[in-house]
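> here is the input, now give the coordinates:
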Amino acid sequence: MSTTDNAEGASGANPRFVEAVRELGLDALPAEIRRFPDQTRTAAEAAAAIGCELSQICKSLIFAADGVPVLVLMDGASRVDVELVQRELGVEKVTRAKADVVREATGYAIGGVPPFGHVTRTRVLADRSLLDHSVVWAAAGTPYTVFPMAPKDLIAHAGATLVDVREPAEPASRETAAPAPREAAGPGL
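Okay, here's the model as predicted:
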């Protein structure tokens, strides 16, 4: 799978997202949006389509923190440690939000949630791992579209607090272990 560069402003991005980026003064961003011929619902699919490292994908993941939606921005190669999110927020319980909550809080479907431009204002945490790259790729409101941005700029536009909430990397072992379940999240969620 490959991406197509935006031609003549026809990015295929969610119109709500395009309007939001213009409101942020990011008028040039819609021209940088790339569209996939097929949807990419996982970070690995998006990285393969773009031709970048998995860790250059910025996942926008919605969690429920004591029932309140919170957005966590995480690199595509890592998983969120919900206990670290819980401690960071000072809440009792953190769980993955259900699809209806994701759409209600953001206005976007799972797999296309961008890091900003949501219908409601939520608290945003950005994992420090995003800063390991000069450019990261995030969803542009659909499972078919992504955009590139410097991680510092992305974090600032999202209004995120920089934190360390990724699961620790497991040490490599000589024995083959069963693979961990994959997050059903595209670059957006």
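
> low-confidence stretches in the protein?
Within the chain, the stretches with pLDDT under 70 are 1-11, 171-189.

> that one: strands as residue ranges?
Here the chain has its strands, by DSSP state E, at 34-35, 57-65, 68-75, 94-96, 123-127, 136-139, 145-149, 161-163.

> quick one: which of those strands is nearest Glu19?
Across the strands of the chain, the minimum distance to Glu19, taken as Cβ to Cβ, is reached by strand 145-149, at 14.3 Å. All C-beta spots, glycine's among them, are computed from the backbone N, C-alpha and C.

> tell me the strands beside that closest one, with direction?
Strand pairing for strand 145-149, determined by DSSP bridges: strand 34-35 (antiparallel), strand 136-139 (antiparallel).

> reformat these as a markdown table; add distance to Leu154 and mean neighbour count.
A markdown table is the format used below for the strands paired with strand 145-149 (distance: least, Cβ to Cβ, whole Å; neighbours: other Cβ atoms under 10 Å):
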| stretch | distance to Leu154 | mean neighbour count |
| --- | --- | --- |
| strand 34-35 | 16 | 20 |
| strand 136-139 | 6 | 28 |
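
> as JSON lines, these with distance to Arg166 would be great.
Shown next, in JSON lines, are these (distance: least, Cβ to Cβ, whole Å):
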{"stretch": "strand 34-35", "distance to Arg166": "26"}
{"stretch": "strand 136-139", "distance to Arg166": "14"}
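
> which one of the strands of the chain lies nearest to Ala28?
Closest of those to Ala28 is strand 145-149, at 10.6 Å (criterion: Cβ to Cβ).

> beta partners for the nearest residue to Gln86 once chain neighbours are set aside?
In this structure, Gln86 finds its nearest non-sequential neighbour in Val94, 4.5 Å apart by Cβ to Cβ, 6 or more residues apart in numbering. Under the criterion DSSP bridges, Val94 forms beta bridges with Ala65.

> which stretches in this protein count as helices?
Per DSSP state H, the chain carries helices over the ranges 15-23, 43-50, 82-89, 99-106, 151-158.

> elements contacting the second one?
Looking back up the chat, that one is helix 43-50. Helix 43-50 sits against strand 57-65, strand 136-139, with contacts defined as 3 or more Cβ pairs under 8 Å, 6 or more residues apart in numbering; DSSP states H and E.

> and Arg22, what does it touch?
With contacts defined as Cβ atoms under 8 Å, 6 or more residues apart in numbering, Arg22 is in contact with Pro30.

> want to throw the helices and strands packed on helix 43-50 into CSV with distance to Gly25?
Below are these laid out as CSV (distance: least, Cβ to Cβ, whole Å):
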stretch, distance to Gly25
strand 57-65, 20
strand 136-139, 18
